[in-house]
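Asks: build me a model from this:
(chains A and B, ligands or ions: 2)
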Amino acid sequence: MNIVVCVKQVPDTSDPDTEVHIDGTGRGVDQSKFSFVINDADNYAVEEAILLKEKHGGEVTVVNIGPEAANQVIRMALAKGGDAAIRLDDEKFAFSDVLATARLLQSAVKDGGFDLIMAGCLASDDGYGAVGVTLAQLLGLPHAAMVKTVEVIDDKKLKVGRELEGGLLEMNEIEMPCVLTIQTGGNEPRYASFKGIREASKKEIKVMDLGATGLAEDQVGEAGSCAIMAQYSVPEVGELAEILEGDPGTTSARLAEILKEKGLV
Amino acid sequence: MGDILVLAEHRQGELREVTLELLTLAGQLGGNVVALLLGSGVDDFAGKIAGYADKVLVVDDPMFANFNGMAYQAALAEIIKSEKPGLVLIGNTGQGMDVIGALAVELGLPFTTDAVAVKMEGDKPEVTRQYYGGKIDGTIDFKDADTYIVGMREAAIPAGEGGKSGEVAKIDNPVTSEITARKFLEYVEAAIGDVDITQSTLLVSVGRGIREDKNMPMMEELAGLMGADISGSRAVVDAGWLPTDRQVGISGKTVKPKLYLALGISGAFQHVTGMKGSDLVVAINKDPDAPIFQYADYGIVDDLLKVVPALIDKLKEMKG
Ligand SMILES: Cc1cc2nc3c(=O)[nH]c(=O)nc-3n(C[C@H](O)[C@H](O)[C@H](O)COP(=O)(O)OP(=O)(O)OC[C@H]3O[C@@H](n4cnc5c(N)ncnc54)[C@H](O)[C@@H]3O)c2cc1C
Ligand SMILES: Nc1ncnc2c1ncn2[C@@H]1O[C@H](COP(=O)(O)O)[C@@H](O)[C@H]1O
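Replies: Residues are numbered from 1 along each chain as shown, chains lettered A, B, ... in the order given. Ligands and ions are numbered 1, 2, ... in the order given. Predicted coordinates for the structure are as follows:
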């Protein structure tokens, strides 16, 4: 089974020191202090791909649109068991929306004869939750979104569980080749071994620029987009919490008092 | 402006609230509100929806007894082609996210997802979305088109009272061949565990900010002292630090305790949806910009691994 996994590099928003500040253009954020990680859902998609490969054979190809710095997340996926990698990188790709992003991914995978293409169900930075499903339609393939469980029925069909509100699983049968968008929590992403990391550093990452994609300039970036993010702004928020000030001794004492006054402890 | 077509959402014999939210929004935007209901034996839903729409189109066909994203896409594509609405609103839900991008590409229409606010600027929707886990907003600029497709976040706006009484029109299923590439099989309910957190009076709720599994006993000690149950964010459940049935949020449980003590939880909307009905919310988070502080009554901006042990000591003192 030959599998593609789309991996995005995103700022680590779970790190309390990752401050998000809008830059001077109003269309970007200051990335100078970000630490970057693989998008959470993509980490689960990588694991799912490697589990399937271990059980059913085949190869895993990692695809990313990003700058050279994104090699870090690509190499980590290779170290865990990925076989090949493609990175799409051209300044003309800047400001791509969901459609233009999906078109770029399509250009990288369309001739590969893949059985299964996986993306994350949602990227934690822009949160469209739509690239995978859009890619499926561009490729003319069936799709299922927010998949938490994947089982191989035979070499033509999968049984997948889509996770809905309240944790309900909607089980579907789907024909391959197909596109799945993977939800978090369906497996336990492994850590890369030292041997894996060493071997991954020797694997080639194929870089594709606009010319290599075969796409026209007006199919990518802002020109190729149907709905671009035009202007960032600081959200208007309602009343914020009353912040208890002081060192941990002071704040915890104040909190304990409040809870006592309210009859909660 | 053109008509606004709203896709009704239902599951396991229930009309989902997001349908009424979307119809309410459509009513506020002005123009003719057309609801589309795809289902099998759904007359009572049609009646309810009619109170919020100027027209309800119903496709009553066994094909739609259960949701199949690809069947929905096929029906929507045909109906959008014939109805030519100016705007299509679909819930950005487990169902909607399975349809929107593919539908828009099939029709060649501009689209965006997970909108939190929509206004009309002439014939064009002006959409606000959230970025970076809700830390900043962004507005969307669409390419000109006759129809725009917008996925609207669930619970972003409250459902109103309705007050319309649209006609209900049954139409033929425009999808004439069976969808074979994907088949609905069954629903599998979420597992039930030892504690039902929807009934808990006090919840100590932990997020990725607790950092490591080995800090769980500290959280359990705090909960024990308070007589609280433990719940958590999806991140903690994904990591295997808590069982699935302890997850609070849109894909977990909706809780309404007297106290919700959020420790190292950022406050993603998928989480907040499940806890914003709590009486008193206290959040401890190192990041002063964490969205959770927008939903909390009291906050402590500090390292929880320092505050929690101090709080444990205080509570022990109080108990004597
Ligand atoms: C379809 C879908 C459904 C989802 N359903 C749910 C759901 O039901 N429930 C849910 O919770 N999520 C859900 N999510 C995930 C959600 O988007 C967030 O990813 C998740 O809620 C983040 O969990 P968290 O707040 O624990 O972690 P993070 O967002 O990583 O936040 C960790 C926080 O801890 C703070 N922190 C770090 N270290 C410390 C320290 N030492 N002291 C104090 N604070 C610290 C950080 O400042 C940060 O704010 C869903 C996502 C999708 C796509
Ligand atoms: N720049 C990118 N490079 C590789 N994959 C991407 C990129 N952007 C989005 N994706 C994939 O699409 C998924 C969903 O992204 P989104 O629709 O933006 O929430 C991600 O989890 C990735 O798998």
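Asks: which stretches of chain B form helices?
Replies: Along chain B, counting by DSSP state H, helices occupy B:17-29, B:43-50, B:69-83, B:100-107, B:216-226, B:234-238, B:269-272, B:304-319.
Asks: what helices and strands are in contact with the last one?
Replies: Looking back up the chat, that one is helix B:304-319. helix A:248-261, helix B:216-226, strand B:280-284 (3 or more C-beta pairs under 8 Å, 6 or more residues apart in numbering or on different chains; DSSP states H and E). Placement of C-beta: from N, CA and C, glycine included.
Asks: OK, contacts around B:H10?
Replies: Taking C-beta atoms under 8 Å, 6 or more residues apart in numbering or on different chains as the contact definition, B:H10 lies against B:16, B:19, B:37, B:39, B:42, B:45.
Asks: kindly recompute the last result at 7 Å.
Replies: Each residue near B:H10 by C-beta atoms under 7 Å, 6 or more residues apart in numbering or on different chains is listed here: B:16, B:39, B:42, B:45.
Asks: do the same with A:G58
Replies: By C-beta under 7 Å, 6+ apart, the contact set of A:G58 is A:1-3.
Asks: ok, and the most crowded of these?
Replies: Among the contacts of A:G58, the one with the most neighbours (other C-beta atoms under 10 Å in any protein chain shown) is A:I3, at 25 neighbours.
Asks: so what sits opposite that residue in the bridge?
Replies: Per DSSP bridges, residues listed as beta-bridge partners of A:I3: A:V60, A:L116.
Asks: was I right to think it contacts A:V60?
Replies: Yes - if you go by C-beta atoms under 7 Å, A:I3 and A:V60 touch, sitting 5.0 Å apart.
Asks: common neighbours of the two, please.
Replies: A:49, A:53.
Asks: nearest residue to B:A235 other than its sequence neighbours?
Replies: Nearest in space to B:A235, with sequence neighbours left out and distances taken as C-beta to C-beta, 6 or more residues apart in numbering or on different chains, is B:R208 at 4.0 Å.
Asks: what about residue 23, neighbour count?
Replies: Since you didn't name a chain, this refers to chain A. With other C-beta under 10 Å as criterion, A:D23 counts 12.
Asks: wrong chain, I was asking about chain B
Replies: The local packing of B:L23 (other C-beta under 10 Å) involves 28 other residues.
Asks: can you pull the contacts of it?
Replies: Contact analysis of B:L23 by C-beta under 7 Å, 6+ apart lists B:6, B:33, B:35, B:49, B:52-53.
Asks: spatially, which two of these are the most separated?
Replies: Spatially, the most separated pair among these is B:V33 and B:I49, at 9.8 Å (C-beta to C-beta).
Asks: in space, what's closest to B:G249 - neighbours in sequence excluded?
Replies: The nearest residue in space to B:G249 (C-beta to C-beta, 6+ apart) is B:G274, at 4.0 Å.
Asks: next one: phi and psi at the one you found?
Replies: phi -90, psi -10 (degrees, to the nearest 10).
Asks: pLDDT score assigned to it?
Replies: What the model reports as pLDDT for B:G274 is 98.
Asks: check A:N39 too.
Replies: Listed pLDDT for A:N39 reads 98.
Asks: what does the stretch 101-250 of chain A have sitting close to ligand 1?
Replies: Selection of the stretch 101-250 of chain A residues close to ligand 1 by C-beta under 6 Å from any ligand atom yields A:121-122, A:146.
Asks: try it again with 5 Å
Replies: A:L122 (C-beta under 5 Å from any ligand atom).
Asks: for the stretch 1-150 of chain A, what lies in contact range of chain B?
Replies: Residues of the stretch 1-150 of chain A lying close to chain B (C-beta under 7 Å from any C-beta of the partner chain) are A:13-14, A:16, A:19-20, A:22, A:98, A:124-130, A:133-134, A:136-138, A:142-146.
Asks: change it to 6 Å
Replies: The stretch 1-150 of chain A comes close to chain B at residues A:13-14, A:16, A:20, A:125-130, A:133-134, A:136-138, A:142, A:145-146, as judged by C-beta under 6 Å from any C-beta of the partner chain.
Asks: returning to that earlier point: mind putting the helices and strands packed on helix B:304-319 into CSV with distance to A:D89, mean pLDDT and mean neighbour count?
Replies: What follows is the helices and strands packed on helix B:304-319, written out as CSV (distance: least, C-beta to C-beta, whole Å; pLDDT from 0 to 100; neighbours: other C-beta atoms under 10 Å in any protein chain shown):
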stretch, distance to A:D89, mean pLDDT, mean neighbour count
helix A:248-261, 46, 97, 18
helix B:216-226, 42, 98, 17
strand B:280-284, 40, 98, 25
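Asks: can you pull the contacts of the residue nearest to B:G91 when sequence neighbours are not counted?
Replies: Take B:G91 and drop its neighbours on the chain: the residue closest to it by C-beta to C-beta, 6+ apart is B:V18, 4.0 Å away. If a contact means C-beta atoms under 6 Å, 6 or more residues apart in numbering or on different chains, then B:V18 has B:9, B:91, B:93, B:154 as its contacts.
Asks: equivalent analysis for B:L259, please.
Replies: Neighbouring residues of B:L259 by C-beta under 6 Å, 6+ apart: A:264, B:202, B:280.
Asks: my guess is the last one contacts B:D297, does it?
Replies: Yes - judged on C-beta atoms under 6 Å, B:L280 makes contact with B:D297 at a distance of 5.4 Å.
Asks: which strand runs longest in chain B?
Replies: strand B:111-121 (DSSP state E).
Asks: please read the previous query as pertaining to chain A.
Replies: Of all the segments of type strand in chain A, defined by DSSP E, the longest one is strand A:143-154.
Asks: what's the following helix or strand after it?
Replies: Next helix or strand after strand A:143-154 toward the C-terminus (DSSP states H and E): strand A:157-163.
Asks: that next one vs helix B:69-83, what angle?
Replies: Angle between the axes of strand A:157-163 and helix B:69-83 is 80 degrees (criterion: axes from the mean of the first three to the mean of the last three C-alpha atoms, to 10 degrees).
Asks: list the buried ones in strand A:157-163?
Replies: Neighbour counts using 16 or more other C-beta atoms under 10 Å in any protein chain shown place A:157-158, A:160-163 of strand A:157-163 among the buried residues.
Asks: in its sheet, what does that strand sit against?
Replies: Applying DSSP bridges, strand A:157-163 is found paired with strand A:143-154 (antiparallel), strand A:169-175 (antiparallel).
Asks: nearest to ligand 1: which residue in the stretch 101-250 of chain A?
Replies: A:L122 (4.0 Å; C-beta to the nearest ligand atom).
Asks: show me which residues of chain A are close to ligand 2?
Replies: Residues of chain A lying close to ligand 2 (C-beta under 5 Å from any ligand atom) are A:6, A:8, A:39, A:41-42, A:64-65, A:119-120, A:122-123, A:126, A:128-131.
Asks: now stretch A:223-235: buried residues?
Replies: Judged by neighbour count using 16+ other C-beta under 10 Å, the buried positions of stretch A:223-235 are A:224-229, A:232, A:235.
Asks: got a pLDDT number for the spatially closest residue to B:Q12 that is not a sequence neighbour?
Replies: Of all residues not flanking B:Q12 in the chain, B:Y187 sits nearest, at 6.6 Å (C-beta to C-beta, 6+ apart). Listed pLDDT for B:Y187 reads 98.
Asks: and B:Y187, bridged to which residues?
Replies: When assigned by DSSP bridges, B:Y187 has beta-bridge partners A:E170.
Asks: from A:E222, how far out is A:L215?
Replies: Separation of A:L215 from A:E222 (C-beta to C-beta, to the nearest Å) stands at 14 Å.
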